[in-house]
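Trainee: Quick one: sequence plus predicted model below, questions after.
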Amino acid sequence: MKKVIFACIHNAGRSQMAAAFFNQLCDSKKMFAISAGTNPALAVHPIVLEAMNEVGIDLSTAKPRKLDDKLCQDATLLLTMGCKENCPYIPGLEIRDWPFADPKGQAIEDVRKTREAIKERVLKLISEL
């Protein structure tokens with residue numbers, strides 16, 4: 001079973017969207033995703049909840065969580081989404097960066113564009129794995 005971690009600073013936007021799309025679109029018998037952040041917020045951004053609800057994904061119960069070594073155990077891949085130097089280095093774990101803009105404070109139209117770009121990258125990743 002492949003475990004993919006999507007990480008951003010607050011775990012309240014980009015990484016939540018990516019993990020939700022990944023888990024919706026992948027073969028759950030072969031892989032799954034979790035999301036985390038280096039400095040987790042208290043809740044997912046309301047604008048992200050709205051954008052994901054538009055495509056039938058409910059993140060209202062999603063809770064931001066801390067990215068740490070324990071969470072990364074047995075992971076196949078860590079995908080950072082803009083946390084750069086704030087993301088931890090995990091020996092032996094492949095790390096890739098998807099530099100998407102933080103949706104916090106953005107207009108819904110911009111969050112929709114980010115959402116669709118993330119979905120497209122997730123689909124490509126699933127086909128690679």
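Mentor: Okay, I see it. Owing to the predicted nature of the structure, the values given are computational and were not obtained by experimental measurement.

Trainee: Ignoring the adjacent residues along the chain, who's closest to K66?
Mentor: Excluding the flanking residues, the one nearest K66 by Cβ to Cβ, 6 or more residues apart in numbering is P40, at 5.4 Å. Backbone N, C-alpha and C define where each C-beta goes, glycine included.

Trainee: Count the neighbours of that neighbour for me.
Mentor: 18 (other Cβ atoms under 10 Å).

Trainee: looking at it, it is touching H10, isn't it?
Mentor: Yes: using Cβ atoms under 8 Å, P40 is in contact with H10, at 6.2 Å.

Trainee: so where does the most centrally placed residue in the chain fall, helix or strand?
Mentor: Centroid-nearest residue in the chain, with Cα atoms, centre = their mean: S15, separated by 2.0 Å. Using DSSP states H and E, S15 falls within helix 14-25.

Trainee: buried set for that helix?
Mentor: R14, S15, Q16, M17, A18, A19, A20, F21, F22, N23 (16 or more other Cβ atoms under 10 Å).

Trainee: export these to JSON lines and tack on distance to D68 and pLDDT?
Mentor: What follows is these, written out as JSON lines (distance: Cβ to Cβ, whole Å; pLDDT from 0 to 100):
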{"residue": "R14", "distance to D68": "19", "pLDDT": "96"}
{"residue": "S15", "distance to D68": "14", "pLDDT": "96"}
{"residue": "Q16", "distance to D68": "17", "pLDDT": "98"}
{"residue": "M17", "distance to D68": "21", "pLDDT": "98"}
{"residue": "A18", "distance to D68": "19", "pLDDT": "98"}
{"residue": "A19", "distance to D68": "16", "pLDDT": "98"}
{"residue": "A20", "distance to D68": "21", "pLDDT": "98"}
{"residue": "F21", "distance to D68": "24", "pLDDT": "98"}
{"residue": "F22", "distance to D68": "20", "pLDDT": "98"}
{"residue": "N23", "distance to D68": "21", "pLDDT": "98"}
